[in-house]
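[1] only the shape, not the letters, is given here:
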């Protein structure tokens with residue numbers, strides 16, 4: 001869990017976050033500069049924009065980003081929580097959690113790669129099947145022409 005002080009631009013986080021990011025601030029507080037160094041460079045601008053938007057008008061937030069751990073490992077993080085506002089409506093704190101979603105992201109990437117391989121293979125199979133003149137070839141051709149590639153992939157994975 002983290003508790004980010006929007007005004008002072010620093011946050012307190014627990015040991016779970018320290019372990020996920022492999023960053024253990026000596027006093028348990030992380031500064032804005034330290035925090036930004038943990039973001040993957042390609043995510044910094046997007047996160048700054050999304051963060052500014054939610055601080056301006058949101059009550060809750062959810063961000064996905066890549067974290068550069070100090071041990072060199074890259075982790076995908078899901079950050080979600082809520083905004084605490086003062087009596088005037090100004091955002092003063094962000095309270096939330098981080099979840100390591102690296103395994104999920106790797107699984108999605110592998111599934112997309114497999115689907116693209118199957119789609120590519122489908123084109124080659126379809127070309128071969130379309131030239132088949134036997135009754136079996138005709139049935140296969142009908143199946144491949146009528147079934148979307150992802151559905152064929154799902155049937156192969158069962």
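    Everything's here; your move. A quick note: this is a predicted structure, and the numbers were derived from the prediction, not measured.
[2] partner residues bridging the residue positioned nearest the centre of the chain?
    Nearest to the mean C-alpha position of the chain, by CA atoms, centre = their mean, lies residue 64 at 4.9 Å. Assessed by DSSP bridges, residue 64 has beta-bridge partners residue 78.
[3] cool, and the one 10 residues further on?
    With DSSP bridges applied, residue 74 shows beta-bridge pairing to residue 68.
[4] isn't it right up against residue 68?
    Yes - taking CB atoms under 8 Å as the definition, residue 74 is a contact partner of residue 68 at 6.4 Å. C-beta here means a position set from N, CA and C on the backbone, and glycine is covered the same way.
[5] list the residues that are in contact with both of those two.
    residue 40 (CB atoms under 8 Å, 6 or more residues apart in numbering).
[6] ok, these two, which is more surrounded?
    Set side by side, residue 74 and residue 68 show unequal neighbour counts under other CB atoms under 10 Å, the larger going to residue 68 at 18 against 11.
[7] on that earlier part again, how near is the residue nearest to the centre of the chain to residue 22?
    19 Å (CB to CB, to the nearest Å).
[8] what do you get for residue 90?
    When CB to CB is applied, the distance between residue 90 and residue 22 equals 33 Å.
[9] compare the two and say which is more crowded by neighbours.
    Neighbours around residue 90 and residue 22, counted as other CB under 10 Å, are more numerous at residue 22. The numbers are 15 against 10.
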